[in-house]
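>>> Next one to model:
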Amino acid sequence: MELMSTEQLLRNYELSSLTNASVFGALPEITILWLLQYGKIYFLTKGENLFTQGRHGDSFYVILVGQTSYYKFHEDRYAYIREYKVGGDSRIESVTI
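Numbering: from 1, shown residues only. Next up is the predicted model:
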């Protein structure tokens, strides 16, 4: 997992593409910029965990680019639950991408 700056993100993606995300849709661009500047932007590669079951849930995650799968540990195995795509929020227990 790599921390990414707002500048790095905006070099590769236009701010207007983020306003189309359902979580940001009603927000003006200046508010989205504020969230990007004062929040944390993580870049993950396939197979990395954003967080795992048992970790204290004190964060809110928004998929800015790409998608992630949600798996829940149940009966001694990970069970696939759903996909989260661009703009969807995730307040979940375990994510594998």
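
>>> okay, CA-based contacts and neighbour counts for the rest of this
OK.

>>> Now do whichever strand or helix holds Q8: which elements does it pack against?
Using DSSP states H and E, Q8 sits in helix 6-12. Packing partners of helix 6-12 (3 or more Cα pairs under 8 Å, 6 or more residues apart in numbering; DSSP states H and E): none among the helices and strands.

>>> got the buried residues for the helix or strand following that helix?
Downstream of helix 6-12, the next assigned helix or strand under DSSP H and E is helix 15-19. In terms of neighbour count (16 or more other Cα atoms under 10 Å), helix 15-19 has its buried residues at L18, T19.

>>> same check, this time on stretch 27-40
By neighbour count on 16+ other Cα under 10 Å, the buried set for stretch 27-40 is I32, L36.

>>> Centre of the chain to that stretch, how far?
Relative to its chain's centre, stretch 27-40 lies at 14 Å (Cα atoms, centre = their mean, to the nearest Å).

>>> How about stretch 72-79?
Put simply, stretch 72-79 sits 22 Å off its chain's centre (Cα atoms, centre = their mean).

>>> same thing with stretch 40-55?
So, by Cα atoms, centre = their mean, the centroid of stretch 40-55 is 9 Å from its chain's centroid.

>>> ends of it, how far apart?
Terminal residues of stretch 40-55 are spaced 18 Å apart (Cα to Cα, to the nearest Å).

>>> What residues sit buried inside that stretch?
I41, Y42, L50, T52.

>>> can you tell me the average pLDDT over stretch 26-34?
Across stretch 26-34, pLDDT averages out at 89.
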